[in-house]
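Chemist: Can you look at this prediction? I've put the sequence above it.
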Amino acid sequence: MNTTTPRVFIAATRQNDGKTTVSLGLIAALQQHFPRVGYIKPVGQRFVQIEEQNIDEDTVLMDSVYDLNCPLRDMSPIAVEPDFTRKYLESSNNDALVKKIKKAFDRVAWEKDFVLCEGSGHAGVGSVFDLSNAQIAKILRAKVIIVSQGGIGKPIDEISLNQALFEREGVEIIGVILNKVLGQKLDHIADFARRGLKRKGLELLGVIPHQRILSSPTVGSIREELNAELLNENGNIRGLVEDVIVGAMGVHNAMPFFRRGVLLITPGDREDILLAACADLAGQADEKMAGIVLTANLRPGPSVLKMIQSMPIPVLLAAQDSYEVASRVHDLTVKTRPNDAEKISLIRDLIAKNVDIEAILKAL
């Protein structure tokens, strides 16, 4: 396996800590020093089908943004399908999986100046099939950066757990990046987290301020989650949802919530609320709601449907009831998508301004 191309492995203390966000921004920052940067996510758990192959969705994102000039199957060599673990436990094939990862890395690293390797969670994820993140980092001979959420005590406790597993595999951790730190606490957390990490022999490489836009879903992603029908074509399906309101009250009590960025969830037979929303939108320009979800498959009558066609925001029709829609929107994992240009630009700026790239390169 290629052992000469510089590389780094991005891990996290848990899911949704911002590992992919950091990876996305780091590639842009690294390209200032290494013109040809490669990417690999050896084990993926969330994937899409492309040309009859299961490709990790983060790999699709990276390739779409950076045009990495490498086959997707090499950047995403192993997809953990629903029965993957059961099959492995029935007939262990670890040598074959390791060989597949090594060959994929060689192809990814071909004619590249640097390779960014993204893990699939904390150090222990994948242990059940003998390919934990710690073991993969060892296989790839990569040093590690750990990403954790903002704070002091809890993040350092979780980082210490991960540190123990990486050290057991003989993998070096070059530092930590804290993500989603509240702006007013940025300096305070940076100061004390740096002190706490230093006691563990770890460097603080960056502190990234929380940006609500990065954790806000788009109307389009909610449509996909609910498998909802789009009832009109006028609205911005990529608009961000900043707040969610369930229209289960009287129309006069609902109207104060018709604000910028709000997703209104209401049964499809609440025509009074729909009429009020339409009237409210008529006098707005940039302060429009993000969208409306009509629930319980209650399709409005012809006259209201005609009105919906003229509304300047997307209106969805979902099969689920209002409670389930609200719960699923609340629990939705927000992932950056290739067409999220505003988010991607923000991520690049955040990493460039708040992560010590020179310290990373020096440690490597």
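Modeler: Alright, I've got the coordinates.
Chemist: In stretch 38-50, which residues are buried?
Modeler: Neighbour counts over stretch 38-50 (16 or more other CB atoms under 10 Å) mark 38, 39, 40, 41, 42, 43, 44, 45, 47 as buried. (C-beta placed from N, C-alpha, C; glycine too.)
Chemist: With stretch 130-147 instead?
Modeler: 131-140, 142-147.
Chemist: Can you give me the first-to-last residue distance of it?
Modeler: 22 Å (CA to CA, to the nearest Å).
Chemist: Measure how far it is from the centre of its chain, please.
Modeler: Relative to its chain's centre, stretch 130-147 lies at 20 Å (CA atoms, centre = their mean, to the nearest Å).
Chemist: Could you shift the numbering so residue one becomes 6, and keep it that way?
Modeler: In the new count, where the first residue is 6, that last one comes out as stretch 135-152.
Chemist: and this structure, what are its domains?
Modeler: With domains defined by automatic domain parsing, the chain comprises 12-215+342-368, 222-336.
Chemist: Turn those domains into TSV, including mean pLDDT and distance to residue 6.
Modeler: Formatted as TSV, the domains of the chain follow (pLDDT from 0 to 100; distance: least, CB to CB, whole Å):
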stretch	mean pLDDT	distance to residue 6
domain 12-215+342-368	95	4
domain 222-336	90	37
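Chemist: Measure how buried residue 94 is and give me the count.
Modeler: Residues lying near residue 94 (other CB atoms under 10 Å) number 10.
Chemist: For the stretch 106-255 of the chain, just list every one of the helices.
Modeler: 138-144, 158-173, 191-204, 217-220, 224-231 (DSSP state H, counting those that start in this stretch).
Chemist: Dump those to CSV, plus distance to residue 122.
Modeler: Listed next are those as CSV, based on distance: least, CB to CB, whole Å:
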stretch, distance to residue 122
helix 138-144, 7
helix 158-173, 13
helix 191-204, 22
helix 217-220, 22
helix 224-231, 27
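Chemist: which residues sit in contact with residue 236?
Modeler: 299, 310, 313, 314, 320, 321, 322 (CB atoms under 8 Å, 6 or more residues apart in numbering).
Chemist: residues of the helix or strand harbouring residue 355 that come out buried?
Modeler: Following DSSP states H and E, one finds residue 355 within helix 346-359. Buried residues in helix 346-359, counted by 16+ other CB under 10 Å: 348, 349, 351, 352, 353, 355, 356, 359.
Chemist: ok, those vs residue 36, which is closest?
Modeler: Within those, the smallest distance to residue 36 is 10.1 Å, found for residue 353 (CB to CB).
Chemist: mind checking how far the closest one is from residue 304?
Modeler: Noted for residue 353: a distance of 43 Å to residue 304, by CB to CB, to the nearest Å.
Chemist: would residue 43 count as being in a strand?
Modeler: Yes - assignment of residue 43 by DSSP: H, G, I helix; E, B strand; the rest coil places it within a strand.
Chemist: Correct me if wrong: residue 11 contacts residue 120.
Modeler: Yes - counting by CB atoms under 8 Å, residue 11 touches residue 120, with 7.4 Å between them.
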